Each structure stands twice: as structure tokens, then as C-alpha cells.
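Asks: only the shape, not the letters, is given here:
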């Protein structure tokens, strides 16, 4: 499993970038089982957007291994960049607190 996090984005300058930005911002903090699934999803969105907006300069999507082993970097041209962080363990909640033994004797106070 990989966590998708937006790490870099640039302002939109045309309708093509506006459409892609709107579609990809929805991926923030989602989980994906396989990075190739995300790559294919990005390719579909970018291809559909390039066809719908033929007057704009076409954009390209990418997926590359990151510097950290097991993580990936994905994005669309200079518009937006994602980091895919591999889940590295499981969260196990804290154990239930153990009851404190009752103090025996008189309680100490500052007032008499």
C-alpha cells in the first residue's frame, strides 16, 4: 500500500491545467495498492484532457522511483507532483492502561 501526497504544485495558467489540477487534487491522502495503477490513472486523465483541449500545449504524466527505497514520485509535467510513500509497518494502538494501586494511608495536603 502507498499513501499519495501532493508535494509540489504550480498555479494553473490555462483550461487544460485547470481541468487536470481539479481532477488530481482529489487524490490527496488516498491509498493505492500499486503505483502502476496510479500511473495508468494519470495517463487516462491527461490523455482525456489533452483531447478535450487541443489548443493548449499537451501535458505528460510520469512515475519514477524516488530517492528513498520503495517510494515513488509521480506527476503531470510541471503542473503537479505527488510522492507515493510505502506503508512501512502497522499501527498497533497503545495497550490499555494498567490500574494504579490505591494509596493506603492518609492523603497528604497543604492545608490542615
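Replies: Now that the structure is in, tell me what you want to look at. Everything numeric here is computed off the predicted structure, so don't read it as measured data.

Asks: in this protein, which helix has the most residues?
Replies: Ranked by residue count under DSSP state H, the longest helix found in the chain is helix 35-52.

Asks: packing partners for that one?
Replies: For helix 35-52, the packing partners by 3 or more Cβ pairs under 8 Å, 6 or more residues apart in numbering; DSSP states H and E come out as strand 2-9, helix 15-24, strand 61-65, strand 72-76, strand 80-86. The C-beta positions use only the backbone N, C-alpha and C, and glycine is treated the same way.

Asks: state the mean pLDDT of it.
Replies: Mean pLDDT, helix 35-52: 95.

Asks: tell me which residues in that helix are buried?
Replies: 35, 38-39, 41-42, 45-46, 49-50 (16 or more other Cβ atoms under 10 Å).

Asks: now do it against helix 15-24, angle only.
Replies: Angle of helix 35-52 versus helix 15-24, following axes from the mean of the first three to the mean of the last three Cα atoms, to 10 degrees, is 150 degrees.

Asks: that older thread, and which of the buried residues of helix 35-52 is nearest residue 84?
Replies: The nearest member of the buried residues of helix 35-52 to residue 84, counting by Cβ to Cβ, is residue 35 at 5.6 Å.

Asks: report the spatially closest residue to the closest one, excluding sequence-adjacent ones.
Replies: Among residues not flanking residue 35 along the chain, residue 72 sits closest, at 4.8 Å (Cβ to Cβ, 6 or more residues apart in numbering).

Asks: so for that neighbour, what pLDDT did the model give?
Replies: At residue 72, the model reports a pLDDT of 96.

Asks: report how many residues lie close to it.
Replies: Applying other Cβ atoms under 10 Å, we find 21 residues neighbouring residue 72.

Asks: any chance you could list what contacts stretch 24-36?
Replies: With Cβ atoms under 8 Å, 6 or more residues apart in numbering as the test, stretch 24-36 has contacts from 1-6, 38, 42, 45, 63, 72, 74, 76, 80, 82, 84.
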